[in-house]
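J.: Generate a structure from the sequence data that follows.
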Amino acid sequence: MTSALQLPGELWLQVFSLLSWRDKLSMRCTCSYFRLLLDKSRPQWRDFTVVLSHLSRYNQRFWRSLAQRHVGNVVLRSGNKRHLKQLSTRLPALQALRLDNPSEGVVPELKLFSRLQRLSVTNCLVPLKSLDFLALLSLQLTHLSLCNVELICNSSHLLTSISQLTRLRSLLLHNDGCLRVPTLSGVLTHLTELRQLSWTMVTYKTLARDFFGQASLAGGGALQLTDLQLLDYDAAVTQEVVQPLSRLRVLSIYHLYSVPGPTCHLRTWLTSLQQLQSLSVHGGHPLAAYVDLLPPSLVSLTLCVDLQAEDLQVVSERAPQLEHLHLEPWSSASNMVRTLPRLFPHLKTLRIRHRHVSDDDFLRLQRLQHLDTLEVLDSYYRPDPSDPSWVIYEPSPRLKQLIVNLQKLTNHRVRVITSTRRDVLTCQCVQPQHAL
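T.: Sure thing, here's the model as predicted:
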């Protein structure tokens, strides 16, 4: 590594800053010089998350390396009380923690983490009888996520416990509907800093008038929520119910396990929220049922729904300044991709599937003069058509060549992504799920 030593460390750190987490870890393994250089550079590992399980297999050198890099985000799988105590000793400055499938008695030990700000509990097979442990974190938690966790407490205890988290900025609660909360107005009134809410709606048929808050809040006292995610939503709603959400800018509707009824309630939401900047719809009614009400203020749109080519024409008319588009129609998108440069000339980011798109239509995306990022969602292929079970999870030779050709046509202006990054600190319900 004589040639590497001849270059200033600052230059190598600049190079490393352009690498992915996986590439940085690979560089650490090449030589002791790179390992020391990377481990002593705290900015290189900002937002890095390490996934841990079976803590007994990690040696002193491993823990020293994590501490040296000031790793503050951890996913602990199948952890028990002893693991959590060990983790608090090894990484006392931990700021974000996800407990995936924790053992019984683990949650109360969270009091050991005095700097914990972001907590996620997922896939908990042991029912939580109480949320009293949240009181110990009330002055520090800014993000709370509970997904696939069986809560056997009553709804009033749930709301009281959450209401103590006055610094909370993001709240996610996904369950099977066994615990029904009549309204959220009480807890939302207490959580004055809350900006993002993700809630399971499977048991709701009609939302109460004060579900989010009093309609009188629509003025200067409106809720501070800017981002709302609703899972399995098919509840009747009035404009009065939505009125307290006048500051909402991002709305996401997910139909994961539910089939909507004959009435498209999304129309009421769109009528009431004409200030939306981002809309994401996964499943539910066809786009034609509500496309005529899309807010003109939209700059970001995700459509994983049943739609036709003519629907996109209406979208372009309703949202002429669209900059970010994620398009996954239930039917083939082969005829739709070719129209995108004409319909949405201001696109900066685009997410599509390429499987049934012709080479010419794919390369026609170079006409999007403002496009800087293209994400291909189906970057896999089956090398043997007679064996559908054989799948290679990497770009096919055809896709690789298409990417090369597109980058040549755009003078490498467009960055093409073929692997979707996921936030491992939270659940997978509201993250991209791309079926084969």
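J.: In this structure, where is pLDDT below threshold?
T.: The chain contains residues with pLDDT under 70 at 1-5, 215-221, 258, 332-334, 431-436.
J.: Which single strand of it contains the most residues?
T.: Criterion DSSP state E: the longest strand present in the chain is strand 118-128.
J.: what's downstream of that one, the next helix or strand?
T.: Sequence order places strand 143-151 as the next helix or strand after strand 118-128, per DSSP states H and E.
J.: Can you tell me what sits against that following strand?
T.: Applying Cβ atoms under 8 Å, 6 or more residues apart in numbering, the contact partners of strand 143-151 are 96, 98, 117-124, 127-128, 131, 134, 158, 162, 165, 168-175, 178-179, 198, 426-427, 429. Using the backbone N, CA and C atoms, a C-beta is placed for each residue, glycine as well.
J.: just the buried members of the residues you listed?
T.: Buried by 16 or more other Cβ atoms under 10 Å: 96, 98, 117-122, 124, 128, 131, 134, 158, 162, 165, 168-175, 179, 198, 426-427, 429, out of the contacts of strand 143-151.
J.: need the contact list for the residue lying closest to Val149 once chain neighbours are set aside.
T.: Distances taken as Cβ to Cβ, 6 or more residues apart in numbering place Cys124 nearest to Val149, at 4.3 Å, with adjacent residues excluded. Neighbour list for Cys124: 99, 101-102, 148-150 [criterion: Cβ under 8 Å, 6+ apart].
J.: what about stretch 53-73, start to end distance?
T.: Start and end residues of stretch 53-73 are separated by 14 Å (Cα to Cα, to the nearest Å).
J.: contacts for that stretch?
T.: Stretch 53-73 is contacted by residues 38-40, 42, 44-45, 47-50, 52, 76-79, 83, 86-87, 90-91, 93-97, 118, 425 when judged by Cβ under 8 Å, 6+ apart.
J.: Of these, just the buried ones, PyMOL syntax please.
T.: Selection of buried members from the contacts of stretch 53-73 for PyMOL, criterion 16+ other Cβ under 10 Å:
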select buried, resi 38+39+44+45+49+50+52+76+77+78+79+83+86+87+90+91+94+95+96+97+118+425
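J.: The contacts of stretch 53-73 in strands, which ones?
T.: Here DSSP E is the test, and the contacts of stretch 53-73 give 49-50, 52, 76-77, 96-97, 118 as lying in strands.
J.: As JSON lines, the residues you listed with distance to His346 would be great.
T.: What follows is the ones in strands among the contacts of stretch 53-73, written out as JSON lines (distance: Cβ to Cβ, whole Å):
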{"residue": "Thr49", "distance to His346": "34"}
{"residue": "Val50", "distance to His346": "39"}
{"residue": "Leu52", "distance to His346": "43"}
{"residue": "Leu76", "distance to His346": "43"}
{"residue": "Arg77", "distance to His346": "43"}
{"residue": "Ala96", "distance to His346": "35"}
{"residue": "Leu97", "distance to His346": "40"}
{"residue": "Arg118", "distance to His346": "34"}
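J.: ok, so of the residues you listed, who is nearest Pro341?
T.: Nearest to Pro341 among the ones in strands among the contacts of stretch 53-73, counting by Cβ to Cβ, is Thr49 at 37.1 Å.
J.: is that closest one in a bridge, and if so with what?
T.: Judged by DSSP bridges, the bridge partners of Thr49 are Asn73.
J.: Name all residues that make contact with the nearest residue to Pro244 once chain neighbours are set aside.
T.: Nearest residue to Pro244 in three dimensions, chain neighbours excluded: Gly213, at 3.8 Å (Cβ to Cβ, 6+ apart). Going by Cβ under 8 Å, 6+ apart, Gly213 touches 185, 188-189, 223, 244.
J.: of those, buried ones?
T.: For these, a burial check counting by 16+ other Cβ under 10 Å picks out 185, 188-189, 223, 244.
J.: Which one of those is nearest to Ser389?
T.: Leu188 (48.1 Å).
J.: Which residue, other than its chain neighbours, is closest to Leu168?
T.: Using Cβ to Cβ, 6+ apart, the nearest residue to Leu168 is Leu191, at 5.2 Å.
J.: For the one you found, grab the count of nearby residues.
T.: 23 (other Cβ atoms under 10 Å).
J.: That one and Gln224, how far apart?
T.: Using Cβ to Cβ, to the nearest Å, we find Leu191 at a distance of 9 Å from Gln224.
J.: Ok, Cys29 next?
T.: 46 Å.
J.: Compare the two and say which one has the larger neighbour count.
T.: When neighbours are counted by other Cβ under 10 Å, Cys29 and Gln224 differ, and Gln224 comes out ahead with 14 against 8.
J.: who are the neighbours in contact with that one?
T.: Contacts of Gln224 (Cβ under 8 Å, 6+ apart): 192-195, 247.
J.: Let's have the residues you listed in JSON lines, adding neighbour count and secondary structure.
T.: Converted to JSON lines, those look like this (neighbours: other Cβ atoms under 10 Å; DSSP: H, G, I helix; E, B strand; the rest coil):
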{"residue": "Thr192", "neighbour count": "11", "secondary structure": "coil"}
{"residue": "Glu193", "neighbour count": "12", "secondary structure": "coil"}
{"residue": "Leu194", "neighbour count": "23", "secondary structure": "coil"}
{"residue": "Arg195", "neighbour count": "19", "secondary structure": "coil"}
{"residue": "Arg247", "neighbour count": "13", "secondary structure": "coil"}
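J.: does Gln274 count as helix, strand or coil?
T.: Here Gln274 is recorded as coil under DSSP: H, G, I helix; E, B strand; the rest coil.
J.: For stretch 337-350, measure first residue to last.
T.: 10 Å.
J.: in that stretch, what's buried?
T.: 337-338, 340-341, 343-344, 347, 349-350.
J.: Out of the residues you listed, name the ones that lie in strands.
T.: Using DSSP E, the buried residues of stretch 337-350 in strands are 349-350.
J.: For the buried residues of stretch 337-350, give me a markdown table that also has distance to Arg318.
T.: Below are the buried residues of stretch 337-350 laid out as a markdown table (distance: Cβ to Cβ, whole Å):
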| residue | distance to Arg318 |
| --- | --- |
| Val337 | 20 |
| Arg338 | 21 |
| Leu340 | 16 |
| Pro341 | 18 |
| Leu343 | 11 |
| Phe344 | 12 |
| Leu347 | 15 |
| Thr349 | 19 |
| Leu350 | 18 |
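J.: Among the buried residues of stretch 337-350, name the ones in helices.
T.: Those of the buried residues of stretch 337-350 mapping onto helices are 337, 340-341, 343, per DSSP state H.
J.: element containing the closest residue to Thr238 other than its chain neighbours?
T.: In space, Thr238 comes closest to Thr268 once its chain neighbours are excluded; the distance is 6.8 Å by Cβ to Cβ, 6+ apart. Element membership of Thr268 [criterion: DSSP H and E] is helix 266-272.
J.: immediately after that helix, which helix or strand?
T.: strand 278-282.
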